[in-house]
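**Q** structure for this input, please:
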Amino acid sequence: MKLEKVMKFTAIGILVGAVVILAMAAFVYATQWLWNELVPTLFGGPVITYWQMLGLLVLTKIILWPLGGGRGHWRRHRGQGRMWAARWESMSPEEREQFKAKMKTKWCMPKHETPPSGPATV
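**A** Sure thing, here's the model as predicted:
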């Protein structure tokens, strides 16, 4: 009985692994096809092979990985909304107006009444 369960889970694992590998291969192929259809025509770039596209995708993942943040980013900031809502509710109307004014001066772009002086660069 135990051997049957192990074989069942092994078969399911192999099937899931095969589906993931096929999906990844299809993604690389679709990306290569899009590149070869668009880049040479629009920008005069090279036509690339499947393996070159796979390398570009891996390189892109390595370079841009720190920018995505992943799921851990949201875990770190999970309670922030509730914290700010509780803080807002505990403020008096005067404190709320002061807070709004402070945020407006900190984050909103100032409107320039006169154009900046000095030599113009174009």
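
**Q** check which element follows the helix or strand of the chain with the lowest mean pLDDT along the chain.
**A** When the helices and strands of the chain are scored by mean pLDDT, DSSP states H and E, helix 70-76 comes last with a mean of 58. Sequence-wise, the next helix or strand downstream of helix 70-76 (DSSP states H and E) is helix 80-90.

**Q** ok now that following helix, how far from the chain's centre?
**A** 27 Å (Cα atoms, centre = their mean, to the nearest Å).

**Q** quick one: contacts of it?
**A** Arg96 (Cβ atoms under 8 Å, 6 or more residues apart in numbering). For every residue, glycine as well, the C-beta is placed using N, CA and C.

**Q** now it - C-alpha only, PDB.
**A** Once non-C-alpha atoms are left out, helix 80-90 reads as follows in PDB (Å, rounded to 0.1, in the frame of the first residue of the first chain):
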ATOM      1  CA  GLN A  80       1.400  48.900   7.200                       C
ATOM      2  CA  GLY A  81      -2.100  49.700   6.000                       C
ATOM      3  CA  ARG A  82      -3.800  48.800   9.300                       C
ATOM      4  CA  MET A  83      -1.100  50.700  11.200                       C
ATOM      5  CA  TRP A  84      -1.700  53.900   9.100                       C
ATOM      6  CA  ALA A  85      -5.400  53.500   9.300                       C
ATOM      7  CA  ALA A  86      -5.300  53.300  13.100                       C
ATOM      8  CA  ARG A  87      -2.900  56.300  13.300                       C
ATOM      9  CA  TRP A  88      -5.200  58.300  11.000                       C
ATOM     10  CA  GLU A  89      -8.300  57.500  13.200                       C
ATOM     11  CA  SER A  90      -6.500  58.600  16.300                       C
END
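
**Q** so how far is the longest helix seen in the chain off the chain centroid?
**A** Counting by DSSP state H, the longest helix found in the chain is helix 2-43. With Cα atoms, centre = their mean as the basis, helix 2-43 stands 21 Å off its chain's centre.

**Q** so which elements touch that helix?
**A** Contacting helix 2-43 under the criterion 3 or more Cβ pairs under 8 Å, 6 or more residues apart in numbering; DSSP states H and E are the following elements: helix 50-68.
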